[in-house]
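S.K.: Can you look at this prediction? I've put the sequence above it.
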Amino acid sequence: MKIKVDRKVCAGHALCAAKAPDVYTLDDDGYCNSDGMTVPPGKEEQAIFGAAYCPERAIVLFDAAGKEIR
Amino acid sequence: MAAVAESIAGTIPAHIPKSLVFDFDHFTAPEVQKEPHRQVSQLLHKNAPDVFYTPRNGGYWIVTRAEVAVDMLRQVENFSSGPEFNHFKAFNPPMLPVQADPPNHTEYRRILNPKFAPGPIQKLEEYVRQLARTIIDEAYPHGRCDFIEEVAERFPVTIFLKIAGAPLADRARLVAIAVKYTRSPTFEERQAAITEMAHYLREKFKERIKEPKDDLLTQIVQARMPDRDLTDTEKEGLGVLLFFGGLDTVKSVLSFVVSYLAQHPDDYKKLVDNPAMIKSAMEELLRVSGVSTPERGVTHDLEYRGIPFKKGDRVVFLTQLWGVDDQQISNPYEVDFSRDVSQHYAFGAGPHRCIGSHLARLEFRIFLEEWTRTIKAFRLEKNVPVKTAGGVVWTPVELSLAWDV
């Protein structure tokens, strides 16, 4: 599972990292810097949960086939 | 044009369609004075257009729906934070970064973000917990407290003043200035509050130039834009907004949260029995406890969702209603700690997202952890509805609590 973060839309709510700390990390300003990262195996559910919390809808997840996960 | 008093109907500009006029005053309407999230959303979500024009307080648009509002707040080229497009907010100094658009806004945020990011805020946990314990331990033996004065104005404000570097002795004076800004409907009163705060900050900045410290005041004095120093007006603008944010908002949200828990002992018991739940339950409580009212000005004549906006129109966003928007969430007034995702915009949305959100979350969580640890059950002292006030920041105004010792 791959993570795509629209860094222009991310507003630094940091809920992704709070709700899914094993998946998302923040930069020094508190904005999500997990764009392009692969979700650690077994953490897929956490990744989806964290993305759902993003108030800006800035996080999109893709499965191994490159299909967007909704 | 239902229910608009004749005396003000004549003040409505010609470009406003009559079908989009609704008479509502977010400072003084009866609905903001008791259970405002429920009452105001029931009034406006049911009876008013999603974006409507009120002729009150000089006249402005009000946006009530989360989806519309978030979409508009992203369109900074149409709905600007700049005071040049919203005469009601043409304050001196302009409050920064709130009254700036990207790219300048981005630079101002870059100055402040590192201090307010989750990492540095987390380091305050022990201090915040000690303070919460001290305040709660003082109140506990009395079996009662005036929550706003004894706790809500003390706990977050003490923390903010420490981060800012302002003396605790100035607390009452500074809170009074912030309240004057957030609860005054007229431009003149709000400008007077800003002038007073800017004057206070100017003196503090002088002290920090002479003797720098590890605090926000010093951070602002030493900050630079990429290619130049900050002007004095910019420094004062950054300080004024931070102080208003730090002195009034957490107090208001915390009072709403505690007011809810006082009236819902079953929900409170869940937190007492299972403190590990507080972190997620808090998001659900925040959903129904939003307080803040950002504004934008229209940058040019434009039509949006069929609404004819004119350059310079003032647009007010009731973020308070977004968490209880029935188009976003089912059973919006029901607080349910087991909701899978508690979507809310208590801290706003878009580039202007509340910079203090991480500090506020830390304060709410630790406060509730310590309050539940000490006080196993509590209630409203008087059996009357909690009185609340509208304005730029909504808040309970009287909240006396009681518990068995």
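M.R.: Cool, the structure landed. What you are looking at is a predicted structure, and each value in this text was computed from that prediction instead of being measured.
S.K.: Show me which residues of the helix or strand containing B:Phe243 are buried.
M.R.: Element membership of B:Phe243, judged by DSSP states H and E, is helix B:232-263. Across helix B:232-263, burial judged by 16 or more other Cβ atoms under 10 Å in any protein chain shown covers B:234-262. No exception for glycine: its C-beta is placed from N, CA and C like everyone else's.
S.K.: again, but for stretch B:303-323
M.R.: In stretch B:303-323, the ones that count as buried by 16+ other Cβ under 10 Å are B:307, B:309, B:312-323.
S.K.: a markdown table for the residues you listed, including distance to chain A, secondary structure and pLDDT?
M.R.: Output for those, formatted as a markdown table (distance: Cβ to the nearest Cβ, whole Å; DSSP: H, G, I helix; E, B strand; the rest coil; pLDDT from 0 to 100):
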| residue | distance to chain A | secondary structure | pLDDT |
| --- | --- | --- | --- |
| B:Ile307 | 24 | strand | 97 |
| B:Phe309 | 24 | strand | 98 |
| B:Gly312 | 27 | coil | 95 |
| B:Asp313 | 25 | coil | 96 |
| B:Arg314 | 23 | strand | 96 |
| B:Val315 | 19 | strand | 97 |
| B:Val316 | 20 | strand | 96 |
| B:Phe317 | 14 | strand | 96 |
| B:Leu318 | 16 | coil | 96 |
| B:Thr319 | 11 | helix | 94 |
| B:Gln320 | 15 | helix | 95 |
| B:Leu321 | 15 | helix | 95 |
| B:Trp322 | 10 | helix | 92 |
| B:Gly323 | 11 | helix | 93 |
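S.K.: Which single residue of the stretch 51-200 of chain B ends up nearest chain A?
M.R.: Nearest to chain A in the stretch 51-200 of chain B, going by Cβ to the nearest Cβ, is B:Ala117, at a distance of 3.3 Å.
S.K.: what number of residues lie near the closest residue in space to that residue that isn't next to it in sequence?
M.R.: Of all residues not flanking B:Ala117 in the chain, A:Gly30 sits nearest, at 3.3 Å (Cβ to Cβ, 6 or more residues apart in numbering or on different chains). Neighbour count of A:Gly30, defined by other Cβ atoms under 10 Å in any protein chain shown: 24.
S.K.: Contacts only, for A:Gly30.
M.R.: Listed by Cβ atoms under 8 Å, 6 or more residues apart in numbering or on different chains, the contact set of A:Gly30 reads A:12, A:14, B:113, B:116-119, B:358.
S.K.: biggest separation within those, which pair?
M.R.: In these, two members sit farther apart than any others by Cβ to Cβ. They are A:Gly12 and B:Gly119, at 12.0 Å.
S.K.: of those two, who's got more company?
M.R.: A:Gly12 (24 against 14).
S.K.: Need phi/psi at that one.
M.R.: Backbone dihedrals for A:Gly12, given as degrees, to the nearest 10, come out at phi 80, psi 30.
S.K.: So it sits against A:Asp28, correct?
M.R.: No - the pair A:Gly12 / A:Asp28 is not scored as a contact, 11.1 Å apart, by Cβ atoms under 8 Å.
S.K.: Just the endpoints, please. Distance across stretch B:135-145?
M.R.: Taking Cα to Cα, to the nearest Å, the first and last residues of stretch B:135-145 lie 11 Å apart.
S.K.: State the mean pLDDT of that stretch.
M.R.: Per-residue pLDDT over stretch B:135-145 has a mean of 98.
S.K.: Can you point out the buried residues in it?
M.R.: B:135-136, B:139, B:145.
S.K.: List the neighbours of that stretch that are in contact with it.
M.R.: By Cβ under 8 Å, 6+ apart, stretch B:135-145 touches B:150-151, B:154-155, B:370-371, B:374-375, B:381, B:400-405.
S.K.: could you redo the last one with a cut-off of 6 Å?
M.R.: Stretch B:135-145 has contacts (Cβ atoms under 6 Å, 6 or more residues apart in numbering or on different chains) with B:150-151, B:154-155, B:370-371, B:374, B:381, B:401-403, B:405.
S.K.: Please pick the buried ones from these.
M.R.: B:150-151, B:154-155, B:370-371, B:381, B:401, B:403.
S.K.: Just the residues you listed: which are in helices?
M.R.: B:155, B:370-371 (DSSP state H).
S.K.: Where does chain A get nearest to chain B, which residue?
M.R.: Residue nearest to chain B within chain A (Cβ to the nearest Cβ): A:Gly30, separated by 3.3 Å.
S.K.: what are the ranges of the strands in the stretch 51-200 of chain B?
M.R.: Listed in chain order, the strands of the stretch 51-200 of chain B (DSSP state E, counting those that start in this stretch) span B:51-54, B:60-63, B:79-80, B:144-146.
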